[in-house]
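Enquirer: Sequence plus predicted model, see below.
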Amino acid sequence: MVTIDLVDAPANTELEVLEINAGKTAKKRLISMGIHTGDKLIKYEGASWGPVLVKNITLNSTKIAIGRGLALRIWVGYAAKENS
């Protein structure tokens, strides 16, 4: 499993939230948006600037926009594709 922050994670790949490395207020904000440790996310393609768009597939939620600063503090893991 590859571990990376949400901003640098590949798009259109199932990601698992491994850790939220942020302060108490930021963690509360993410929880209120429906992002928890252990949740599965899909990150959408987007520009290299602005918020990161994700969908929590664990909760089957709608798209959520997370600011890049906060997204840098969300560590996710995904299965790396093997080259064959």
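Expert: Everything's here; your move.

Enquirer: Which residue ranges of the chain form helices?
Expert: 24-33, 68-71 (DSSP state H).

Enquirer: any idea which of those helices is most buried?
Expert: Stretch with highest mean neighbour count among the helices of the chain: helix 68-71 (a mean of 17; mean count of other CB atoms under 10 Å). Backbone N, C-alpha and C define where each C-beta goes, glycine included.

Enquirer: elements contacting that helix?
Expert: Judged by 3 or more CB pairs under 8 Å, 6 or more residues apart in numbering; DSSP states H and E, helix 68-71 is in contact with helix 24-33.

Enquirer: Could you tell me the average pLDDT over the helix it packs on, please?
Expert: Helix 24-33 shows a mean pLDDT of 94.

Enquirer: so can I have a markdown table of the helices of the chain showing distance to D39?
Expert: Conversion of the helices of the chain to a markdown table gives the following (distance: least, CB to CB, whole Å):
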| stretch | distance to D39 |
| --- | --- |
| helix 24-33 | 10 |
| helix 68-71 | 14 |
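
Enquirer: mind checking which of these is nearest K55?
Expert: Closest approach to K55 among the helices of the chain is made by helix 24-33 (11.6 Å; CB to CB).

Enquirer: contacting residues around that closest one?
Expert: The contact list for helix 24-33, computed with CB atoms under 8 Å, 6 or more residues apart in numbering, reads 20, 22, 36, 64, 66, 70, 73-74.
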